[in-house]
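fold the following and give me the result.
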Amino acid sequence: MQPITHYGDIISDYFNSHHIVKEPKSLYEPIDYILSLGGKRMRPVLTLMAADAFGADCKKALPAAVAVEMFHNFSLVHDDIMDDAPLRRGNITVHEKWDLNTAILSGDAMLILAYRYFEEYEPVVFRSLAKLFSKTALEVCEGQQWDVDFENRNDVTLPEYLKMIEYKTAVLVAAALQMGAIVAGTTGDNCRLIYEFGLNLGVAFQLQDDLLDAFGDPATFGKQVGGDIIENKKTYLYLLALQNAGGEQKQQLQHYFTTHPEDTATKVEAVKEIFVATGADEATKKAINDYTQRALATLEEMEMAEQNKAVLQAFAQKLMERKV
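Residues are numbered from 1 along each chain as shown. You can find the predicted model right below:
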């Protein structure tokens with residue numbers, strides 16, 4: 001296998017050199033725009049890595065990788081509409097730069113285009129990829145709906161929250177890896193194990209994102225620290241703190257998560273103090289480590305060259321190195 005930057009360069013080169021120049025421009029220009037904003041592009045990189053790890057030329061998996069990234073960006077365009085977000089990756093969101101109807105329609109076109117990339121594979125591989133993609137796309141929608149539903153519920157449980165982030169975030173990471181395995185033509189067991197690797201890693205990644213949102217370094221996190229608290233999002237940290245809090249702490253926490261004060265800094269600091277006092281911060285760190293270790297354990301079961309396992313292990317560990 002190659003260094004991770006090698007796979008990232010292949011993805012970047014593709015999007016830098018392939019632009020959708022078709023009519024009507026008002027449909028396709030927003031697609032080119034959102035894809036040009038870059039981002040981490042972790043998911044398509046994982047598709048290429050998995051294909052390479054199982055002995056195939058990683059470029060054979062490029063159409064599947066592009067499909068994954070196309071779908072991910074489709075979901076971002078529609079998420080931004082739902083959240084009425086003004087910015088994405090530091091740039092104006094599609095619905096703000098154009099208009100709401102254009103963003104909806106361009107997003108729909110991206111979902112269809114994602115499927116078309118699978119047409120570059122022979123029928124057996126196409127069927128496997130399309131079947132996995134359909135399952136994953138529906139799960140992502142289900143996860144997004146749960147996330148929306150949770151905003152108006154006061155009885156969200158930890159298992160429900162974990163299921164929500166599994167569907168909204170982790171399944172696409174897992175599918176990206178499994179698509180690389182499918183293209184490589186590896187065994188069914190390997191396909192299952194690489195999916196489990198990605199699923200556990202995806203949950204760990206999202207839990208770490210929850211932790212960093214509250215306790216991350218503003219200079220390196222890339223988003224507003226305390227944003228989830230300001231928006232009253234019921235994260236893993238919040239649910240753990242609510243579960244562990246005493247009577248007065250519990251009342252304070254519930255009160256903070258029903259208010260939108262002008263002085264958000266005071267609210268953020270007060271809630272963080274409750275997170276620490278209830279041990280929610282340390283319990284979240286433990287959960288992140290547990291899910292990461294589950295991911296790494298699946299590597300030992302795979303039929304794969306040891307040096308390739310080492311690369312995937314290093315990737316997983318690097319992903320979890322983002323510090324609070």
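
which strands or helices does whatever helix or strand L46 lives in pack on?
Element membership for L46 (DSSP states H and E) is helix 42-53. In terms of contacts (3 or more CB pairs under 8 Å, 6 or more residues apart in numbering; DSSP states H and E), helix 42-53 is packed against helix 4-17, helix 62-83, helix 171-184, helix 188-215, helix 306-319. Heads up, the C-betas are built off the backbone N, CA and C, glycines and all.

so what's the gap between the first one and the chain middle?
Centre-to-centre, helix 4-17 and its host chain are 19 Å apart (CA atoms, centre = their mean, to the nearest Å).

can you list the residues that contact it?
When contacts are defined by CB atoms under 8 Å, 6 or more residues apart in numbering, helix 4-17 is touched by residues 35-36, 38, 41, 44-45, 48-49, 52, 58-59, 62, 65-66, 69, 311, 315, 318.

follow-up on the earlier one: quick one: the helix holding L46 to helix 62-83, angle?
160 degrees (axes from the mean of the first three to the mean of the last three CA atoms, to 10 degrees).

which secondary structure element of this protein has the lowest mean pLDDT?
The weakest-scoring helix or strand in the chain, judged by mean pLDDT, DSSP states H and E, is helix 218-221 (a mean of 64).

quick check, E96 in contact with P86.
Yes - using CB atoms under 8 Å, E96 is in contact with P86, at 5.7 Å.

and the two? which has more neighbours close in?
The neighbour count for E96 versus P86, taken as other CB atoms under 10 Å, is higher for E96 (17 against 11).

the more buried one sits in which helix or strand?
Per DSSP H and E: E96 is located in helix 94-97.

tell me what the helix or strand immediately after that helix in the chain is packed against?
Scanning forward in sequence from helix 94-97 by DSSP H and E, the next helix or strand is helix 100-117. In terms of contacts (3+ CB pairs under 8 Å, 6+ apart), helix 100-117 is packed against helix 25-36, helix 62-83, helix 94-97, helix 123-150.

out of the ones you listed, nearest to P218?
P218 lies closest to helix 62-83 among the helices and strands packed on helix 100-117, at 21.0 Å (CB to CB).

quick one: strands adjacent to whatever helix or strand comes next after that closest one?
As assigned by DSSP H and E, the chain's next helix or strand after helix 62-83 is strand 87-88. Strand pairing for strand 87-88, determined by DSSP bridges: strand 91-92 (antiparallel).

identify the residues contacting the partner strand?
Strand 91-92 is touched from outside by L37, P86, with contacts defined as CB under 8 Å, 6+ apart.

so where is the stretch 201-324 of the chain shaky, pLDDT-wise?
219-224, 322-324 (pLDDT under 70).

center of the protein - which residue?
Nearest to the geometric centre of the chain sits T169, at 4.0 Å (CA atoms, centre = their mean).

so who does G38 touch?
Neighbours of G38 in contact, by CB under 8 Å, 6+ apart: S12, F15, R89.

wait, I meant V183
Contacts of V183 by CB under 8 Å, 6+ apart are T47, A51, A56, K60, A61, A64, Y121, V125, L129.

ok, now which ones touch the residue lying closest to it once chain neighbours are set aside?
Closest residue in space to V183, ignoring its immediate chain neighbours: A61 at 4.3 Å, by CB to CB, 6 or more residues apart in numbering. Taking CB under 8 Å, 6+ apart, we find A61 in contact with T47, L48, A50, A51, M179, G180, V183, A184.

switch those over to JSON lines; also include distance to S134.
Formatted as JSON lines, these follow (distance: CB to CB, whole Å):
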{"residue": "T47", "distance to S134": "17"}
{"residue": "L48", "distance to S134": "22"}
{"residue": "A50", "distance to S134": "19"}
{"residue": "A51", "distance to S134": "21"}
{"residue": "M179", "distance to S134": "13"}
{"residue": "G180", "distance to S134": "18"}
{"residue": "V183", "distance to S134": "17"}
{"residue": "A184", "distance to S134": "21"}
